[in-house]
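K.L.:
What would the 3D arrangement of this be:
(3 chains)
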Amino acid sequence: MEKTVQQLAEHVGGVVEGDSSQVITGAATLTDAEAGDVSFLANLKYEKQIAESKASVIVVGEDVEVTGRTLIRCRDPYYAFMQIVVLIHGHREHRPIGVSARASVAESATIGENVDIHDFTCISENVEIGAGTRIYPNCTVGPGTTIGKDCIIYPNVTIYDGCTIGDRVTIHSGTVVGQDGFGYATHGGVHHKIPQIGAVVIEDDVEIGANCAIDRGTLGDTVIGKGCKFSNLIAIGHNTKIGPHNLLVAQVGIAGSVETGKYCVFGGQVGVVGHIKIGDQVTIAAKSGVTNSVEDGETLAGSPAMPLTLAKRSLTLIKDLPDFRKKLRELDKTVRNFIKGKS
Amino acid sequence: MEKTVQQLAEHVGGVVEGDSSQVITGAATLTDAEAGDVSFLANLKYEKQIAESKASVIVVGEDVEVTGRTLIRCRDPYYAFMQIVVLIHGHREHRPIGVSARASVAESATIGENVDIHDFTCISENVEIGAGTRIYPNCTVGPGTTIGKDCIIYPNVTIYDGCTIGDRVTIHSGTVVGQDGFGYATHGGVHHKIPQIGAVVIEDDVEIGANCAIDRGTLGDTVIGKGCKFSNLIAIGHNTKIGPHNLLVAQVGIAGSVETGKYCVFGGQVGVVGHIKIGDQVTIAAKSGVTNSVEDGETLAGSPAMPLTLAKRSLTLIKDLPDFRKKLRELDKTVRNFIKGKS
Amino acid sequence: MEKTVQQLAEHVGGVVEGDSSQVITGAATLTDAEAGDVSFLANLKYEKQIAESKASVIVVGEDVEVTGRTLIRCRDPYYAFMQIVVLIHGHREHRPIGVSARASVAESATIGENVDIHDFTCISENVEIGAGTRIYPNCTVGPGTTIGKDCIIYPNVTIYDGCTIGDRVTIHSGTVVGQDGFGYATHGGVHHKIPQIGAVVIEDDVEIGANCAIDRGTLGDTVIGKGCKFSNLIAIGHNTKIGPHNLLVAQVGIAGSVETGKYCVFGGQVGVVGHIKIGDQVTIAAKSGVTNSVEDGETLAGSPAMPLTLAKRSLTLIKDLPDFRKKLRELDKTVRNFIKGKS
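P.N.:
Residues are numbered from 1 along each chain as shown, chains lettered A, B, ... in the order given. Below is the predicted model:
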């Protein structure tokens, strides 16, 4: 879709500097942009890419110093750029297909209006699917599960029995929701399975990446809070409650019976032990191992995790350990020799 | 299902303290329990939750001191509780459906009695499936694979060709068994694929979580021993032999040609390098990296892994490295100045 | 297939020592080999296994000292052994089945000659599939995606819309290619999804393991370079460009906008932060965390990653930290006491 710089600025509530009449047909990063593209600067780290960028217009913050370029200035340039990308390119379009004759839909299932159920997808007994939801091919939805309105379930997703999925939830391919949690009572040399009678509740506006695995609860439910966004290959243990608006980067693993607050961020490959509580707005750096409960607002790094400011100084000193040892030995020798000489 | 406290106690060989006539209709954790629920205390860490619990009866060990509550005392309260959950709630029920007309079953396949094969599942040539096994929708079982009796294969599972699955094996959704191991001979700048002519053998009573990946052997088989339980997103390399009754928590990765003994436990996100041997009853703490063979009975933590007792003291000192450096510098200065003044 | 030792030697351009007339019917490791098997020694670490091996002939390097055994000597014994395994056992055979009546193929799709599309696989609108490509059951290929010639797509794979897969690409089960990258603009307490309008390009001769997840690009594409080989459960972030002939071991996670050079190797569970550049022929040891750009030819280990030689000495000293602390305290005390006594 074509828009002028002026139209883009109005769409995001920004102010144009330079030629507002240029026609924009695409969006790209500063380094990839060609003439006719809009780009953005949200992180000052990339400021020097502006000089060489071929973008016709750049969305920047209100105070950034840039000269000789056409700009759209606004308070939150990343959000503004997102709005522009949506305006120009739109979100993925889903061709309405209705319920395919090659899908398998139980008679007891309740299917809302304008629902798409693609080929080779199985909808089991007593499933309820809200209006406008699209379920792509090769998915299986287990008995008694409820899926809300306007959800998008991509191919090869499995949702087990008795789960509850909210409205506007997106689940990417290969993800599994509601498999049995990892619960066994070991007795007489045998690991006896504990029935996992809870389920999974995914609240509204959640997006889950590809190939994740979210355990159902043992007793009571596993909950993914409203507005959470998960990347790929994430494991969530049974009975864990992820608070609203958490961001989980790829390969995070959170064990069972953990509670997280709102607006937490977990970097890639973070691990969290079971039965702890993580406060609101906690940030855990990539690859950290969290072994204890965390207070509101903390930022941790390392394994075991420690405050980020401490981690930044500590973890980089690991490489100096051979030096420490050498210095400690030398000093020890110096002291011994000196004392020996003086006594 | 309703049971009296007395009936529950008899079922688990326990002794009632308090009102044995109460009717119990559900099972829950101490914090979630309501009136009418049975709960349990297996880990003394949660002892103080008893005071506020609304559970009607609590299963506890023989020596735990609790007053003013109806109790079922027994030697192994967690195992007893598991038996009670099974009694009250049962395991997941599987509706018998037989072989669906919408499944694809090769003529050369041998299907036992009372086998369920759900819609859109493919059973390839020369597959054998034992009596009572249930295979949910959208699974693929490759040519020549044998699956034993009373197995449960959840949706979207892939089992490659030539594998052998024992009796009473459960495989959760998205798991892949028998993909080619990671074997290439690099020559002339090209990674040449080595045919992976082994397969995977999964012994009896194994349960595998969701989205795991178990490589077939290069020459000879990859083996998952009897009674092993895997959580989700676990990677097992080619030709590795996991001993009987191992427990692997989510996101564990074990490289190729590893051998583990019996009753090992691998915490979440543990990594094990290839070509090493791990003894019996070894426990590896979450996130550890095991780089050498491990003797029977050891408990390790850290990356590289070290004995747990040592790790507990060592890893927590990483955060003190800036302090160490500072103290070492100060001491060095003190000594130099003192020696200078005295010489 | 039966071959004489002489025939095997000629096939790999090697020289026989010993009985060249023996008939060989299988290939195995030194420890597993039986009479009639060919085995190999590529890593001198396993040299002592030769004495007890029952192999009839062993492929070894030109300078290895072995006596009393029939040998095939050649320059690159691992590559020679690979060629022999291919000769004797061959690669997996794929029974040609054509396009199954139980597959779902859009009318607008272009299907090349000798293509197999198995049951319950969905080929969406405007997909192009090159000659000789085989797509196993329960896969979904999204609209507008192009797949080259002679590819093998195993069961339960999902490829999203608009992706480009080269020739001779193999993708193992459960892998997802082209799901939306993890991109949100957080504004007013809500994470707003940024349309991911790029796609994924997988170049020729790539093999991807099971249950991997490769994000599509936000703006511009994610690229997996020619000849790359991935193991299982690997996550690749949006807009990352993996250079040609990289090897990625299981559970590696590479964040978005990373560029890697050619012939890099990433060990199991390695994590790489976003927006960095990794040179040619870089090797990252298992479990490392790479937080900065890496020069050509470097070998790193640890988290944060440091040069391997340094890491080998540093990481093993973590276990000595309690000792360091003790010695530092003792030395401090000694010095203080001595100074006190002398002043």
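K.L.:
and residue A:188, how many residues sit next to it?
P.N.:
7 (other CB atoms under 10 Å in any protein chain shown). For the C-beta atoms, the positions are set from N, CA and C on the backbone; glycine is no exception.
K.L.:
Quick one: residues contacting it.
P.N.:
Residues near residue A:188 by CB atoms under 8 Å, 6 or more residues apart in numbering or on different chains: none.
K.L.:
do the same with the one 10 residues further on
P.N.:
With contact taken as CB under 8 Å, 6+ apart, residue A:198 is in contact with A:181, A:216-222, A:238-239.
K.L.:
now, which of the residues you listed lie close to chain B?
P.N.:
Restricting these to those near chain B by CB under 8 Å from any CB of the partner chain leaves A:219-220, A:239.
K.L.:
Just the ones of those residues in strands?
P.N.:
Applying DSSP state E to the ones next to chain B among the contacts of residue A:198, no entry is found in strands.
K.L.:
Include neighbour count and distance to chain C when you put those into JSON lines, please.
P.N.:
Shown next, in JSON lines, are those (neighbours: other CB atoms under 10 Å in any protein chain shown; distance: CB to the nearest CB, whole Å):
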{"residue": "A:219", "neighbour count": "24", "distance to chain C": "29"}
{"residue": "A:220", "neighbour count": "19", "distance to chain C": "27"}
{"residue": "A:239", "neighbour count": "27", "distance to chain C": "24"}
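K.L.:
By residue count, which helix of chain A is the longest?
P.N.:
Counting residues, the longest helix found in chain A (DSSP state H) is helix A:321-342.
K.L.:
Using CSV, write out every CA atom in it.
P.N.:
Once non-C-alpha atoms are left out, helix A:321-342 reads as follows in CSV (Å, rounded to 0.1, in the frame of the first residue of the first chain):
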residue,chain,number,x,y,z
LEU,A,321,41.0,-16.7,37.8
PRO,A,322,44.3,-18.1,36.6
ASP,A,323,45.8,-14.7,37.2
PHE,A,324,44.3,-14.4,40.7
ARG,A,325,45.8,-17.8,41.6
LYS,A,326,49.2,-16.7,40.3
LYS,A,327,49.1,-13.4,42.2
LEU,A,328,47.9,-15.0,45.4
ARG,A,329,50.7,-17.6,45.2
GLU,A,330,53.3,-14.9,44.5
LEU,A,331,52.1,-12.7,47.3
ASP,A,332,52.1,-15.6,49.6
LYS,A,333,55.7,-16.4,48.7
THR,A,334,56.7,-12.8,49.1
VAL,A,335,55.2,-12.6,52.5
ARG,A,336,56.7,-15.9,53.7
ASN,A,337,60.1,-15.0,52.4
PHE,A,338,60.0,-11.6,54.0
ILE,A,339,58.8,-12.9,57.3
LYS,A,340,61.4,-15.6,57.2
GLY,A,341,64.1,-13.0,56.5
LYS,A,342,63.0,-10.8,59.4
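K.L.:
what's it in contact with?
P.N.:
B:324-325, B:328, B:331-332, B:335, B:339, B:342, C:310, C:313-314, C:317-318, C:320, C:324, C:327-328, C:331, C:334-335, C:338, C:342.
K.L.:
and the angle for that helix with helix C:321-342?
P.N.:
30 degrees (axes from the mean of the first three to the mean of the last three CA atoms, to 10 degrees).
K.L.:
Show me what the mean pLDDT comes to for helix A:321-342.
P.N.:
The average pLDDT for helix A:321-342 rounds to 90.
K.L.:
contacting residues for the residue nearest to residue A:316 when sequence neighbours are not counted?
P.N.:
Closest residue to residue A:316 apart from its sequence neighbours, by CB to CB, 6 or more residues apart in numbering or on different chains: residue C:304 at 6.6 Å. Applying CB under 8 Å, 6+ apart to residue C:304 gives the contacts A:315-316, C:289-292.
K.L.:
In contact with the closest residue to residue A:105 other than its chain neighbours, which residues are there?
P.N.:
In this structure, residue A:105 finds its nearest non-sequential neighbour in residue A:123, 4.4 Å apart by CB to CB, 6+ apart. Going by CB under 8 Å, 6+ apart, residue A:123 touches A:103-106, A:109, A:111, A:117, A:129, A:135, A:141.
K.L.:
Count the residues that sit near the residue of the stretch 1-150 of chain A found nearest chain B.
P.N.:
The minimum distance from the stretch 1-150 of chain A to chain B, using CB to the nearest CB, falls at residue A:140 (3.7 Å). When neighbours are defined as other CB under 10 Å, residue A:140 has 29 of them.
K.L.:
Can you report phi and psi for the residue nearest to residue A:316?
P.N.:
Dihedral angles of residue C:304 (phi, psi; degrees, to the nearest 10) stand at phi -70, psi 150.
K.L.:
again, but for residue A:302
P.N.:
Taking degrees, to the nearest 10 as the convention, residue A:302 sits at phi 90, psi 170.
K.L.:
Look up how far residue C:311 lies from it.
P.N.:
16 Å (CB to CB, to the nearest Å).
K.L.:
Between these two, which is the more surrounded one?
P.N.:
When neighbours are counted by other CB under 10 Å, residue A:302 comes out ahead of the other of residue A:302 and residue C:311, with 25 against 21.
K.L.:
Give me the distance between that one and residue A:173.
P.N.:
33 Å.
K.L.:
repeat for residue A:218
P.N.:
Using CB to CB, we find residue A:218 at a distance of 27 Å from residue A:173.
K.L.:
Who has more neighbours out of these two?
P.N.:
It is residue A:173, of residue A:218 and residue A:173, that has more neighbours when counted by other CB under 10 Å, with 33 against 25.
K.L.:
which residues sit in contact with the more buried one?
P.N.:
A:136, A:154-157, A:210-211, C:140, C:158, C:160, C:176, C:179.
K.L.:
quick one: which of those residues sit in strands?
P.N.:
C:140, C:158, C:176, C:179.
K.L.:
nearest spatial neighbour of the third one, skipping sequence neighbours?
P.N.:
Among residues not flanking residue C:176 along the chain, residue A:210 sits closest, at 3.9 Å (CB to CB, 6+ apart).
K.L.:
Then the second one?
P.N.:
Spatial nearest neighbour of residue C:158, excluding adjacent residues (CB to CB, 6+ apart): residue A:173 at 3.8 Å.
K.L.:
Can you give me the pLDDT of the residue most central in space within chain A?
P.N.:
For chain A, the residue nearest the mean C-alpha position is residue A:230 (3.0 Å; CA atoms, centre = their mean). Per-residue confidence at residue A:230 stands at 98 (pLDDT).
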